[in-house]
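A.B. asks: just to be clear, the model below is a prediction. Sequence and coordinates:
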Amino acid sequence: MNKELSELLAKMEEIQKADWPENLTINEHTLGCTCMACPEQYDVFNSNGSKVGYLRLRHGSFRADCPTVGGTTVYSSKTKGDGTFSEDERIIELTKAIQEIKKYWEPV
């Protein structure tokens with residue numbers, strides 16, 4: 001690989017990392033980004049480190065499953081973003097999903 005291409009790829013990776021948090025914390029839950037786009041998806045862990053949910057955005061449909069992918073869908077919505085959230089909706093949608101995940105795990 002030539003030096004110019006190598007430098008360009010390194011710069012693109014740097015920009016991507018700066019714009020995309022690998023881990024977020026929302027309401028005492030850690031969201032580990034497992035894929036950045038197409039789909040944008042996260043594994044969700046509670047404060048004890050236990051996996052409690054899975055979040056996925058693909059083709060404009062966002063959902064939260066408990067306890068993992070294919071489990072009970074506890075939240076879903078249509079988004080502006082197709083395979084990734086638009087910047088103005090990411091935190092809002094992730095927060096709504098975490099609220100529903102918390103409800104799912106609350107004792108009845």
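C.D. replies: Arrived safely.
A.B. asks: show me the shaky parts of the protein.
C.D. replies: Counting by pLDDT under 70, the low-confidence segments of the chain come to 1, 5, 7-22.
A.B. asks: three-state assignment of Lys80?
C.D. replies: When classified by DSSP: H, G, I helix; E, B strand; the rest coil, Lys80 comes out as coil.
A.B. asks: now it: how far from Gly60?
C.D. replies: 8 Å (CB to CB, to the nearest Å). (Each C-beta comes from the backbone N, C-alpha and C, glycine too.)
A.B. asks: likewise for Ser6?
C.D. replies: Counting by CB to CB, the separation of Ser6 from Gly60 is 35 Å.
A.B. asks: next one: Gly83
C.D. replies: Counting by CB to CB - Gly83 and Gly60 are separated by 9 Å.
A.B. asks: of the two, who's got more company?
C.D. replies: With neighbours defined as other CB atoms under 10 Å, Gly83 and Gly60 compare such that Gly83 has more, 15 against 12.
A.B. asks: so what's that one up against?
C.D. replies: Ala37, Cys38, Pro39, Glu40, Leu57, Arg58, His59 (CB atoms under 8 Å, 6 or more residues apart in numbering).
A.B. asks: which one of the residues you listed has the most neighbours?
C.D. replies: Among the contacts of Gly83, the one with the most neighbours (other CB under 10 Å) is Leu57, at 27 neighbours.
A.B. asks: quick one: contacts for that one?
C.D. replies: Shown in contact with Leu57 (CB under 8 Å, 6+ apart): Pro39, Glu40, Gln41, Thr79, Gly81, Gly83, Thr84, Phe85, Glu93.
A.B. asks: pairing partners for it in the sheet, please.
C.D. replies: Glu40, Phe62 (DSSP bridges).
A.B. asks: what's the closest of the contacts of Leu57 to Val69?
C.D. replies: Gln41 (8.4 Å; CB to CB).
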